[in-house]
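Enquirer: The following comprises the amino acid sequence and a computationally predicted model.
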2 protein chains.
Amino acid sequence: MKPDRAHSRLPPIASLSALGRGLLLAAAVALLAGSASALFLHALDWATATRLASPWLLAGLPLAGFAVGWAYLKLGGRSDGGNNLLIDEIHQPRQTLPLRMAPLVLLATVVSHLFGASVGREGTAVQMGGALADQLARAFRLAREERPVLLMCGIAAGFGSVFGTPLAGALFALEVLAIGRLQHAALLPCLVAALLADRVALLWGASHSHYAVAPFGQLSLLQLGALLLAGALFGLTARLFAGASHALAAQFKRRIAWAPLRPLLGGCVIAALAWSLGAERYLGLGLPVIGQAFEQPLPAWDFVGKLAFTIASIGSGFKGGEVTPLFFIGATLGNALAPLLQLPLDLLAAVGLVAVFAGAANTPLACTLMAIELFGTALGMPAALGCAASYLCSGPQGIYHAQRPGAGKA
Amino acid sequence: MKPDRAHSRLPPIASLSALGRGLLLAAAVALLAGSASALFLHALDWATATRLASPWLLAGLPLAGFAVGWAYLKLGGRSDGGNNLLIDEIHQPRQTLPLRMAPLVLLATVVSHLFGASVGREGTAVQMGGALADQLARAFRLAREERPVLLMCGIAAGFGSVFGTPLAGALFALEVLAIGRLQHAALLPCLVAALLADRVALLWGASHSHYAVAPFGQLSLLQLGALLLAGALFGLTARLFAGASHALAAQFKRRIAWAPLRPLLGGCVIAALAWSLGAERYLGLGLPVIGQAFEQPLPAWDFVGKLAFTIASIGSGFKGGEVTPLFFIGATLGNALAPLLQLPLDLLAAVGLVAVFAGAANTPLACTLMAIELFGTALGMPAALGCAASYLCSGPQGIYHAQRPGAGKA
């Protein structure tokens, strides 16, 4: 593994005209990815509302899983590589991403959500952004070594527009490629792509959740220590999540040769558990519970429940990504830890929301900016401490195994 | 030049106990560097007030320059390397920094300001932080390869406490070492050092300037384009500044062999120019003019004047660093460009303040966080665009020639 060699393929933007061309391409990526994110968010709203109005849909989860698995097996080709394929193509550009990656992940995610799988949104948005960006690379006949920046713009645009956090989107595209190191080369195009994609999605009527953290004054030294401890626990949770979902996926692959049977079985387990335990709150995105985590004490086992349902959903092959469930897990774990650690409930929910994700994706800087964009400047330093501690404790591998080892953690 | 080899010397913090020890050391660095920054800020307040009350002090500038040059020649040893020595020791740890680096740069900077040189504060704060941190490395017998993280904590603590921007301080310590790349290894200790140093300085009664940017609504596409153009101009200004001060310093060194004569001559020129042109506003830190740049249209040549006086001061050998003059140059240039580019005055002053510095120091991410800490979340994206554009246009070398080439700019 030679991360440097791979990284050095990022193209030199020597001249202003190349820069201008790059920014125009970034804007085109933004138009496509932002529109795709808006369509996706609207479809998710519909799927979630429909599922909540018709709880019996959960009975269809095994069949939905089968359909998702079958579609990827028959039509997906390389698409099943998901975020990892995208990261690999940025490090070592080989072949244009298939265009069908975009509609496939969109439909598979909406179906996963409609029938109650516990999955997220970032994978879908990022893969749509990347696949659409790569079609531009083909259409405009970009040189092979120019593709990586465009793919990074796709990630930045997809991430920034699906969460309404463009700064975090741009940083995520730079930071997710390797563990412990980021390079600046694509910073400006990624910023432009994320900013414009967010605007485009808003113009299409997309909306984002808002969480409020009350002013909390200066944290004492004891509270800062508690915050670091909480950050370490967020990181261990991220480590557990990444390890368990990888392990479950590996077990499924070893024991069940025919891919569509895996999410079918996973769907049976998830539906049976949800009904027998009355655990419907752990299905889907879980945005209402995330909101509650900022407002009132929640059951301490909420994060465990969401962890289990998400590991089962992702590990068995449902689509959508991990991030919104990680928000849920982090916010509810923060909610549960807050009284023990003598920290304000909403503050620790906010830090947990970004910090579990920061540990799982190895992106502490992007997640710090996300906290600032979601909750305001005052959350910057607490989130940075929580994310950095989580990142240090989340183990050598995160949720994206294509991430290059980079410079190591510490 | 092997940046990777050098970077790999950052120590592995394998265990939690090593992490705990690292954080305690970071806290100790914070106590020392924060106290030094507070002392420095109080001394600067006194020096500036005294100079303004007694304008005839400017007549002493040549003699003050001679004293500064003589002190560094006779007592400084390696101290004259300043920020570059610090960066070099982080990449290739050789020898503990001399403790006298701290009092020497403190006194030399206060003397420079008292008699009217146009210099800054970050060099002093960062060098005091680094030199003090290194004494801890010696006292606690840290291994040679553990010193870099402690020195980075010194930079983070000094920078964070002298400007009241701890997040930017921590990022600055990571980002300033190489152009176009940063590593995460020291993130957590740098955050802790910067946060606590800022607190310590505030406890000693240090205060920071506050600038307000009025809410500006959504920027149009045209305004965003104008912002990028302004960012490019900020970067070209940074390039001019770095190139001219390096060139002037090189000329001085070539033509005047005995170091103390250089700032003596520089002081004569600066004092003569200031009096003959009535250009006292370009002496010292210039904080009042920076404040005005957010409130009212200023003469378009303000940035040129400050540029000339600062190049003459730094190039001839006065001490203190470049950052606050770069704030002045950026804010007044932004102020002058705002009506031409149809952007709000305070917005472009704020972006200019951070973006010229971002280009000159090659630290666009740290400067984006600084904008968020100084002006609020709304400034995040405009500052990021301005800083990224400035960084791309500021040329291959910034104000710190010890910066490693890293991954290149684009």
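Expert: Here it is on my side, so go on. What you see is a predicted model; the values in this text were computed from it and never measured. Numbering: from 1, shown residues only, chains lettered A, B, ... in the order given.
Enquirer: could you pull out the strands for chain A?
Expert: Remark: strands assigned in chain A by DSSP state E are A:181-183.
Enquirer: how does it divide up, domain by domain?
Expert: Domain assignment for chain A by automatic domain parsing gives A:10-203, A:221-393.
Enquirer: B:H246 is nearest to which of these?
Expert: Among the domains of chain A, domain A:10-203 comes nearest to B:H246, with 22.2 Å by C-beta to C-beta. Just so you know, the C-beta spots here come from the backbone N, C-alpha and C atoms, and that holds for glycine as well.
Enquirer: could you give the mean pLDDT of that closest one?
Expert: Regarding domain A:10-203, the rounded mean pLDDT is 93.
Enquirer: circling back to that earlier point, reformat the domains of chain A as a markdown table; add mean neighbour count and distance to chain B.
Expert: A markdown table is the format used below for those (neighbours: other C-beta atoms under 10 Å in any protein chain shown; distance: least, C-beta to the nearest C-beta, whole Å):
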| stretch | mean neighbour count | distance to chain B |
| --- | --- | --- |
| domain A:10-203 | 23 | 4 |
| domain A:221-393 | 23 | 4 |
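Enquirer: So for B:G82, which of those domains sits nearest?
Expert: Closest to B:G82 of the domains of chain A is domain A:10-203 (C-beta to C-beta; 24.5 Å).
Enquirer: quick one: the helices in the stretch 251-400 of chain A?
Expert: Secondary structure of the stretch 251-400 of chain A by DSSP state H, counting those that start in this stretch: the helices cover A:261-277, A:287-293, A:302-316, A:323-341, A:345-361, A:364-375, A:380-393.
Enquirer: Centre of the chain to the longest one, how far?
Expert: Its chain's C-alpha centre lies 16 Å from the corresponding centre of helix A:323-341 when counted by C-alpha atoms, centre = their mean, to the nearest Å.
Enquirer: and it, what does it pack onto?
Expert: helix A:122-139, helix A:221-255, helix A:287-293, helix A:302-316, helix A:345-361 (3 or more C-beta pairs under 8 Å, 6 or more residues apart in numbering or on different chains; DSSP states H and E).
Enquirer: hmm, try it at 6 Å
Expert: Counting contacts by 3 or more C-beta pairs under 6 Å, 6 or more residues apart in numbering or on different chains; DSSP states H and E, helix A:323-341 is packed against helix A:221-255, helix A:287-293, helix A:302-316, helix A:345-361.
Enquirer: quick one: low-confidence ranges for the stretch 251-400 of chain A?
Expert: Nowhere does the stretch 251-400 of chain A drop to pLDDT under 70.
Enquirer: would you turn the helices and strands packed on helix A:323-341 into TSV with distance to B:N335?
Expert: Converted to TSV, those look like this (distance: least, C-beta to C-beta, whole Å):
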stretch	distance to B:N335
helix A:221-255	38
helix A:287-293	42
helix A:302-316	50
helix A:345-361	36
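Enquirer: closest to B:A28 out of those helices?
Expert: Closest to B:A28 of the helices and strands packed on helix A:323-341, according to C-beta to C-beta: helix A:221-255, at 13.7 Å.
Enquirer: Which residues are in contact with A:A244?
Expert: Counting by C-beta atoms under 6 Å, 6 or more residues apart in numbering or on different chains, A:A244 makes contact with A:I311.
Enquirer: hmm, back to that, mind putting the domains of chain A in CSV, distance to B:W46 included?
Expert: Below are the domains of chain A laid out as CSV (distance: least, C-beta to C-beta, whole Å):
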stretch, distance to B:W46
domain A:10-203, 39
domain A:221-393, 30
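Enquirer: Tell me which of those domains lies nearest to B:V269.
Expert: Short answer: domain A:10-203, nearest of the domains of chain A by C-beta to C-beta, at 35.8 Å.
Enquirer: and that closest one, how far out from the chain's middle?
Expert: Domain A:10-203 has its C-alpha centroid displaced from the chain centroid by 10 Å (C-alpha atoms, centre = their mean).
Enquirer: what's the answer for stretch A:278-288, then?
Expert: Relative to its parent chain, stretch A:278-288 has a centroid offset of 18 Å by C-alpha atoms, centre = their mean.
Enquirer: State which helix of chain A is the longest.
Expert: Assignment by DSSP state H gives helix A:16-53 as the longest helix of chain A.
Enquirer: Of the helices and strands packed on helix A:323-341, which is nearest B:A193?
Expert: When these are compared (using C-beta to C-beta), the closest one is helix A:221-255, at 12.6 Å.
Enquirer: these two touch, right, A:L99 and A:Q135?
Expert: Yes. Contact between A:L99 and A:Q135 holds when scored by C-beta atoms under 6 Å: they sit 5.5 Å apart.
Enquirer: hang on, the earlier thing: so which of the helices and strands packed on helix A:323-341 is nearest B:Q296?
Expert: From those, taking C-beta to C-beta, the stretch that ends up closest is helix A:345-361, at 38.2 Å.
Enquirer: Alright, I will stop here.
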